[in-house]
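1. Okay, structure incoming, though there's no sequence with it:
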């Protein structure tokens, strides 16, 4: 009788676990249907990856990710907000090693003022007179 009792208890436990998983899946579907979700974080062998749901900017994202040039988006202080695969290859680092760090740490020399805008020499400026 102990074997039967253990089996019933095991079935109850499995049933509870399946109900919990079903509830999570239903919550996820509800969030997607009501546009409350725009990305997933999934575990891969290479590490975590963010999967974006399709949006209007998808073709642009694919272009930037697949192009052979390095692309990086930074905050005003130089913090890397995004970089594509090629940029990481150029640095010989993973995206996790680049994003949220200062881009200036990857450059040979830091510019004096990173947000300073270029101005034409006085002789080349157009007069408003």
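-> Cool, the structure landed. Only a predicted model underlies this, so the values are computations on that prediction, with no experimental measurement involved.
2. all contacts plus neighbour counts: C-alpha atoms, from now on.
-> Fine.
3. in this structure, which spans are helices?
-> 2-33, 58-66, 85-91, 95-98 (DSSP state H).
4. TSV please, covering those and showing distance to residue 104.
-> Listed next are these as TSV, based on distance: least, Cα to Cα, whole Å:
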stretch	distance to residue 104
helix 2-33	38
helix 58-66	22
helix 85-91	12
helix 95-98	11
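5. quick one, which of the ones you listed is nearest to residue 76?
-> For residue 76, the closest of the helices of the chain is helix 95-98, at 16.0 Å, according to Cα to Cα.
6. Check which helices and strands that closest one is in contact with.
-> strand 80-83, helix 85-91 (3 or more Cα pairs under 8 Å, 6 or more residues apart in numbering; DSSP states H and E).
7. which stretch in the helices of the chain is the model least sure about?
-> Lowest mean pLDDT of these: helix 58-66, a mean of 80.
8. Could I get the buried residue list for that helix?
-> Buried residues in helix 58-66, counted by 16 or more other Cα atoms under 10 Å: 64, 65.
9. List the residues that contact the spatially most central residue of the chain.
-> The chain has residue 50 as the residue nearest its centroid, 5.0 Å off, counting by Cα atoms, centre = their mean. By Cα atoms under 8 Å, 6 or more residues apart in numbering, the contact set of residue 50 is 39, 40, 41, 42.
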